[in-house]
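Asker: Provided below for reference: sequence and predicted model.
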Amino acid sequence: MEQTPNGAAADAPDPARDQAAPMPRWLPKAFMLAAATVLLFAGGLWMLAKLKGLLLLLLTSLFLAFAIEPAVNWLADRGWRRGVATGAMFLLLAVLASVFFGVLGSLLVTQSTNLVNGFPKYVDELIDWVNSTFGAHVSKDTLFSKLPTVTEQVSQHLSDLAGNVWGIGATAFGVIFKALGVVLFTFYLSAQGPQFRRTVCSLLPPRRQHQVLWAWEIAVTKTGGYIYSRALLALFSAVAHFAAMWFLDVPYALTLALWVGVVSQFIPTVGTYMAGAAPVLVALTRSPSTALWVLLFIIAYQQFENYVLQPRITAKTLDMHPAVAFGIVIAGAAVIGPVGALLALPIGASLQAFLSAYIRRYDVEEHPLTTVAPNRWRFRPRKHD
């Protein structure tokens, strides 16, 4: 063992040396930075939860502004002021919505009156049809004996509903306030679109400005394509259902066809079922067999639309596979509800187009698992000798 000059061992314990080393100066700052990061993250989540309604309102307004932007730009290129052009588009949409809901409202009132007045006759016809078709022995007396219980339950629900007038009024006021907010933001984003984009781009370097404007242009194109594809599908659906209901002599065939076309295309996922229920119920006033034929036609047309019509139209406008589009709609509805279902397709199409520019693709190796069979059902013109 080596000795020090004073005779002590070199590795003898030294109390001063064995004391803990002083804390690094950067460690308290690191703790403070981590705590501040956690607090800011928690505060951001809290703020996001509180502003969820406003963010959804702004997102809806942005979608509507994208939808009417091509038409506003077309009018602006012909000398219209953007504010006037946006107001004209709002007026056109208001007229179309008023006509649509006015026609449906008159149909609802008329059909409700007819159903109430002819209810006993419809019940007799339905019971006779069920008994003769399925060999059943349903009795009208047995059916009507259940009505008092049903009537009492309906009366109780109506009483509860009438007692909650204040809540219904508050909900209606909230809906109207949000609708006015959407109109205001949409008008601003469309009428002041160039100024708004210049303000955003002024905060970015030139290279980022190009990327933002390119992404904005893609969003407008894809949203316009979505509206175009929905309108085209609605037109095909309305014409087909009008022809079928006119052939089956269903009352109010034109109004019901308009209802089916608009609701089935512009209300994602559940719109098809909502649209098909009304023609079936109205056809039931004619006869149960007519209602059955209408139901069969709706199901058959839905299959034709899903597998033949929609893939071709969607490929031309959104450039998205139908299965991917269906999954995106379900995901949007699961995340933010009905608004998400409505906005999912244009947002998904915009992201797909934006990301495709940054995703590198390679040639695929030829293999039996990657071989795509040609479409044998595609029409090919016959060659003449």
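Answerer: Right, received. Where do you want to start?
Asker: Domains in this protein, by residue range?
Answerer: Following automatic domain parsing, one finds the domains of the chain at 167-202, 204-359.
Asker: Looking at these, which is nearest to Leu48?
Answerer: Closest to Leu48 of the domains of the chain, according to Cβ to Cβ: domain 204-359, at 12.0 Å. In this view, the C-beta of every residue, glycine as well, is placed from N, C-alpha and C.
Asker: average pLDDT across the closest one?
Answerer: Here the mean pLDDT over domain 204-359 is 80, rounded to a whole number.
Asker: ok now that domain, how far from the chain's centre?
Answerer: From the chain centre to the centre of domain 204-359 is a distance of 9 Å (Cα atoms, centre = their mean, to the nearest Å).
Asker: same question for stretch 187-194, mean pLDDT?
Answerer: According to the model, stretch 187-194 has a mean pLDDT of 87.
Asker: on that earlier part again, just the domains of the chain: most buried one?
Answerer: Highest mean neighbour count among the domains of the chain (mean count of other Cβ atoms under 10 Å): domain 204-359, with a mean of 17.
Asker: For the nearest residue to Val200 once chain neighbours are set aside, give me its contacts.
Answerer: Distance criterion Cβ to Cβ, 6 or more residues apart in numbering; nearest residue to Val200, sequence neighbours excluded, is Val212 at 6.5 Å. Contacts here follow Cβ atoms under 8 Å, 6 or more residues apart in numbering; on that basis Val212 touches Val200, Cys201, Leu204.
Asker: Likewise for Thr110?
Answerer: Under the criterion of Cβ under 8 Å, 6+ apart, the contact partners of Thr110 comprise Tyr252.
Asker: Just the local confidence number for it, please.
Answerer: Per-residue pLDDT puts Thr110 at 72.
Asker: same question, Pro28
Answerer: Among the per-residue scores, Pro28 shows a pLDDT of 78.
Asker: related to what we said a few turns ago, what distance do you get for the residue nearest to Val200 to Pro206?
Answerer: 11 Å (Cβ to Cβ, to the nearest Å).
Asker: Over to Thr113?
Answerer: Spatial separation of Thr113 from Pro206 under the definition Cβ to Cβ is 66 Å.
Asker: before we move on, the earlier item: reformat the domains of the chain as JSON lines; add distance to Ala42.
Answerer: Formatted as JSON lines, the domains of the chain follow (distance: least, Cβ to Cβ, whole Å):
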{"stretch": "domain 167-202", "distance to Ala42": "28"}
{"stretch": "domain 204-359", "distance to Ala42": "21"}
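Asker: And those: which comes nearest Leu96?
Answerer: Sorting those by Cβ to Cβ, the top spot, which is the nearest, belongs to domain 204-359 at 9.7 Å.
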